[in-house]
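S.K.: here is a sequence together with a model predicted from it:
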Amino acid sequence: MGLLILYTGNGKGKTTAAMGTALRAVGQGFRVLMVQFIKGSWHYGELDAAKMLGEDRFLIRPMGRGFVKVGTEKPSPEDLEAARKAWEYGREQMYSRQFQLVIFDEINYAIHYGMLDVAEVKEALAGRPEDVHVVLTGRHAHPHLAEMADVVTEMKQLKHPFEKGVLAQRGIDY
Ligand code: ATP
Ligand code: MG
């Protein structure tokens, strides 16, 4: 049975860890899909790196709309629609047997903000084809997903340059 791996917590490194796993898997001849729930049109280095490896080996699909407004505001209908499309696409591909590793990047965030139903996600993960490994990332992992996962790692922030006012660095953060 494929593993369910969950990277959560407030520290930096969740998406990076998922991409490290992807690199390792590609080296073993796996085909890898990463569906990104938050990232949209902004340009990230990983998109070009995946193209260099070949999209037949590592396919990244940014399907988000950038950061959703948080706090008291509810996600907009457009955000909900984007999250649903990303989920339905990723779920379909997870069942297609075309990929041995499927990464749902920032899906925790989408669930936390009520954009996806955790029960539906759990059910789809439980019924996936045997040999498919799955990585879920994002802050605020739902306890039901943590309970179900085989690997749960919480990135704990001890320091981040953002606290000193240092903004995102090219090649490191994007
Ligand atoms: P990364 O993509 O670098 O592995 P992440 O997936 O753990 O980070 P996210 O919550 O997805 O973290 O954050 C997205 C962006 O915010 C990234 O550019 C990341 O470097 C940055 N970031 C991560 N953690 C922090 C933090 N504690 N404070 C400020 N910015 C952060
Ligand atoms: Mg991330």
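M.R.: Sure thing, it's come through. Residues are numbered from 1 along each chain as shown. Ligands and ions are numbered 1, 2, ... in the order given.

S.K.: Glu154 and Trp42, how far apart?
M.R.: As judged by C-beta to C-beta, to the nearest Å, Glu154 and Trp42 stand 26 Å apart. Using the backbone N, CA and C atoms, a C-beta is placed for each residue, glycine as well.

S.K.: nope, Val151 is what I was after
M.R.: 29 Å.

S.K.: and the residue nearest the centre of the chain, what does it touch?
M.R.: The structure's the chain has its C-alpha centroid closest to Asp105; by C-alpha atoms, centre = their mean the separation is 0.9 Å. When contacts are counted by C-beta atoms under 8 Å, 6 or more residues apart in numbering, Asp105 is found next to Thr15, Ala18, Met34, Val35, Gln36, Phe37, Ile38, Lys39, Thr137, Gly138.

S.K.: what about the nearest residue to Gly13 once chain neighbours are set aside, how many residues close to it?
M.R.: Using C-beta to C-beta, 6 or more residues apart in numbering and skipping the chain neighbours, the partner closest in space to Gly13 is Met155 (4.7 Å). When counting by other C-beta atoms under 10 Å, one arrives at 16 neighbours for Met155.

S.K.: pretty sure Met155 contacts Ala18?
M.R.: No: if you go by C-beta atoms under 8 Å, Met155 and Ala18 don't touch, sitting 11.4 Å apart.

S.K.: need the overlap of contacts for those two.
M.R.: Tyr7.

S.K.: looking at the chain, which residue is nearest ligand 2?
M.R.: Thr15 (3.2 Å; C-beta to the ion).

S.K.: isn't that residue right up against Arg139?
M.R.: No: in this structure, Thr15 is not within contact of Arg139 by C-beta under 8 Å, at 11.1 Å.

S.K.: so which of the two has more stuff around it?
M.R.: In this view Thr15 and Arg139 are compared by other C-beta under 10 Å, and Thr15 has more residues nearby, 22 against 16.

S.K.: does Val102 count as helix, strand or coil?
M.R.: strand (DSSP: H, G, I helix; E, B strand; the rest coil).

S.K.: great, nothing more from me.
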